[in-house]
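**Q** Just to be clear, the model below is a prediction. Sequence and coordinates:
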Amino acid sequence: ASIFAKTIKARSHKTIHVLVSCCKPTSARTIGQTNATMDSAMKTRKRSQNFSIGLCLLAVAMCFSLHVSTITYQDSPMEEPQPRREVKAPRPLCQTVEEYTQGEWVRNTSINTYPYLSGDDYEWGPMCMEMQNRYLMDGTVPDFLTYQWKPQTCDLLPFSKEHFCKVLDGKTIGTIGDSIMQQLAHSFMGIFHGKIDDASFVFGEPDWFEGVPYYSKLRVPLCREFPQYSNVTLLFYRWNKYQPDKTSRQVLGEIAEASDYLILNWGVHYLPWLDMDVATQDFIKVLQESWGDKKTERIFWRSTIVAHEQCQNATSPEKPSGGHFDTNQNPDYNTNEILLQDEYIVRPRFLESTLSNVTFLRVEPSTMLRKDGHRVIGRKGTEDCLHYCEPGPVDSWVELFYHHVAALNI
């Protein structure tokens, strides 16, 4: 015990040494015993001393543990307290229309390249082509390509081409509508191919009576970059305006039967209210007959957008203003009525039908804030504040469709 105390003393407080010293055996002479009783007393004292030494060693051990702990902190230099980092909880994924439509466009300065290249389109989008050519010459990316939609309280699933192909493997995505729907088809094509090339994917000779400025039918394999998920197909049928007649029913029925997912809209081509209501009920009936037993959630009505006013002066997205948009008020365009028809005719007619679970792809709250990014100069020098440059804001529609399919399991 005495040796142990000396070792501890070098590193501990004197109290340990005192405790160990008290455990030393006490001599017979200090007890004052006589020789006659020495043997008996020695046996008794030995037992007592062994017991006392045991208790003392136990106390030393406890004290050593306490003081070594103290010494460790005393011998180590004190570290400066680190400021507490505020860890933000991850935001949930958006689950409802109300959640993902409430937000704003946020600048992402890390975007320094074109998402994809457009085909030569000097006839319909000369200014867009000039910006693309400038990028190819000196790497200048237009500001309108550096904004991303950010909901207020939740996040959209980050877009992944490979995951898109995985969850849609073996599926056909049908799109039908006017020139705005054709821009959506171009977004799919550009994102997955790196360029827009309609001519490579035209198929069939349609017997449709209505002429179209581009191509009537496209069939586009999307996922050639990922051979393990290469069986994903995009269909596009150009059909400017739905009329409740035999040909319109034939066109819609054909693409509905061929598709696993269907995105449709032709609302920007104005019809008087009664005509719009009749046409809406008619195409819903065609979908009911042609869709079969496929999930009705996989029918997407893409909400209608309209032209902006004076888009040539816009340099950035507008801020949200309670649903008010700076639309072109030319009475020939009927912009206000078109937006109202989408809200008061199309959506209610779907909801009261057997297709009430149809998905409303609500792109207008975000897209109508994009007064920037338009073609501005259209065909033959006309003003175009309806169509967008490709690539452009319409690419966000593909991301929203992906969120519905992959995050919401539609």
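**A** Thanks, I have it.

**Q** got the contact list for the host helix or strand of residue 399?
**A** Per DSSP states H and E: residue 399 is located in helix 395-402. For helix 395-402, the surrounding residues in contact (C-beta atoms under 8 Å, 6 or more residues apart in numbering) are 100, 115, 148-149, 156-157, 159, 164, 184, 187-188, 190-191, 263, 300, 302, 361, 363, 366-367. For every residue, glycine as well, the C-beta is placed using N, CA and C.

**Q** Which ones among the residues you listed lie within helices?
**A** 100, 164, 184, 187-188, 190-191, 366-367 (DSSP state H).

**Q** Turn the residues you listed into a markdown table, columns for distance to residue 343 and neighbour count.
**A** Shown next, in a markdown table, are the ones in helices among the contacts of helix 395-402 (distance: C-beta to C-beta, whole Å; neighbours: other C-beta atoms under 10 Å):
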| residue | distance to residue 343 | neighbour count |
| --- | --- | --- |
| 100 | 17 | 23 |
| 164 | 30 | 25 |
| 184 | 20 | 23 |
| 187 | 25 | 25 |
| 188 | 27 | 24 |
| 190 | 30 | 23 |
| 191 | 29 | 19 |
| 366 | 16 | 24 |
| 367 | 15 | 21 |
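
**Q** Make JSON lines from those and add pLDDT to it.
**A** Output for those, formatted as JSON lines (pLDDT from 0 to 100):
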{"residue": "100", "pLDDT": "97"}
{"residue": "164", "pLDDT": "98"}
{"residue": "184", "pLDDT": "98"}
{"residue": "187", "pLDDT": "98"}
{"residue": "188", "pLDDT": "98"}
{"residue": "190", "pLDDT": "98"}
{"residue": "191", "pLDDT": "98"}
{"residue": "366", "pLDDT": "97"}
{"residue": "367", "pLDDT": "98"}
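
**Q** I'd like to know which of those residues is nearest to residue 197.
**A** residue 190 (9.3 Å; C-beta to C-beta).

**Q** For the nearest residue to that closest one once chain neighbours are set aside, give me its contacts.
**A** Distances taken as C-beta to C-beta, 6 or more residues apart in numbering place residue 116 nearest to residue 190, at 3.6 Å, with adjacent residues excluded. Contacts for residue 116 (C-beta under 8 Å, 6+ apart) come out as 190-191, 193-196, 391.

**Q** how much space between residue 116 and residue 390?
**A** Computed as C-beta to C-beta, to the nearest Å, the residue 116 to residue 390 distance reads 8 Å.

**Q** Mutual contacts of those two, please.
**A** Counting by C-beta under 8 Å, 6+ apart, the residues touching both residue 116 and residue 390 are 190, 196.

**Q** And the contacts of residue 116, which of them are buried?
**A** Neighbour counting over the contacts of residue 116 (16 or more other C-beta atoms under 10 Å) leaves 190-191, 193, 196, 391 as the buried ones.

**Q** can you give me the offset of the helix holding residue 399 from its chain's centre?
**A** 10 Å (C-alpha atoms, centre = their mean, to the nearest Å).

**Q** Stretch 222-231 too?
**A** What separates the centre of stretch 222-231 from the centre of its chain is 22 Å, taken as C-alpha atoms, centre = their mean.

**Q** Please work out the average pLDDT along that stretch.
**A** Mean pLDDT, computed over stretch 222-231, is 94.

**Q** Tell me which residues of that stretch come out buried.
**A** 222-223, 226, 229.

**Q** of all the residues you listed, which comes closest to residue 254?
**A** Looking across the buried residues of stretch 222-231 and measuring by C-beta to C-beta, the closest to residue 254 is residue 222, at 20.2 Å.

**Q** Check whether that closest one really touches residue 235, as I assumed.
**A** No. Judged on C-beta atoms under 8 Å, residue 222 makes no contact with residue 235 at a distance of 10.8 Å.

**Q** What are the boundaries of the strands in this structure?
**A** Along the chain, the stretches classed as strands by DSSP state E are 103-107, 147-151, 172-177, 217-221, 233-238, 261-265, 299-302, 359-361, 374-377, 383-388.

**Q** Would you mind giving these as JSON lines with mean neighbour count added?
**A** As requested, these are exported to JSON lines (neighbours: other C-beta atoms under 10 Å):
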{"stretch": "strand 103-107", "mean neighbour count": "16"}
{"stretch": "strand 147-151", "mean neighbour count": "18"}
{"stretch": "strand 172-177", "mean neighbour count": "24"}
{"stretch": "strand 217-221", "mean neighbour count": "19"}
{"stretch": "strand 233-238", "mean neighbour count": "24"}
{"stretch": "strand 261-265", "mean neighbour count": "24"}
{"stretch": "strand 299-302", "mean neighbour count": "23"}
{"stretch": "strand 359-361", "mean neighbour count": "19"}
{"stretch": "strand 374-377", "mean neighbour count": "22"}
{"stretch": "strand 383-388", "mean neighbour count": "21"}
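
**Q** okay if I get these as TSV plus distance to residue 251?
**A** Listed next are these as TSV, based on distance: least, C-beta to C-beta, whole Å:
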stretch	distance to residue 251
strand 103-107	35
strand 147-151	32
strand 172-177	7
strand 217-221	10
strand 233-238	6
strand 261-265	11
strand 299-302	16
strand 359-361	20
strand 374-377	27
strand 383-388	22
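
**Q** quick revisit: list the residues that are in contact with both of residue 222 and residue 235.
**A** Joint contacts of residue 222 and residue 235 (C-beta under 8 Å, 6+ apart) are residue 173.

**Q** pLDDT below threshold where in this protein?
**A** 1-88, 205-215 (pLDDT under 70).

**Q** again, only using 80
**A** For the chain, the stretches flagged by pLDDT under 80 are 1-89, 204-216, 322-324, 380.

**Q** now residue 406: how far from residue 393?
**A** Distance of residue 406 to residue 393, computed by C-beta to C-beta: 21 Å.

**Q** now swap in residue 196 and tell me
**A** 16 Å.

**Q** ditto for residue 111
**A** With C-beta to C-beta as the criterion, residue 111 and residue 393 are 13 Å apart.

**Q** the more surrounded of those two?
**A** residue 393 (27 against 14; other C-beta atoms under 10 Å).

**Q** wait, what's in contact with the more buried one?
**A** 144, 147, 367, 370, 373.

**Q** on that earlier part again, so for residue 89, which of the strands of the chain sits nearest?
**A** strand 147-151 (15.9 Å).

**Q** what packs against the closest one?
**A** Counting by 3 or more C-beta pairs under 8 Å, 6 or more residues apart in numbering; DSSP states H and E, the packing neighbours recorded for strand 147-151 are helix 97-101, strand 103-107, helix 395-402.
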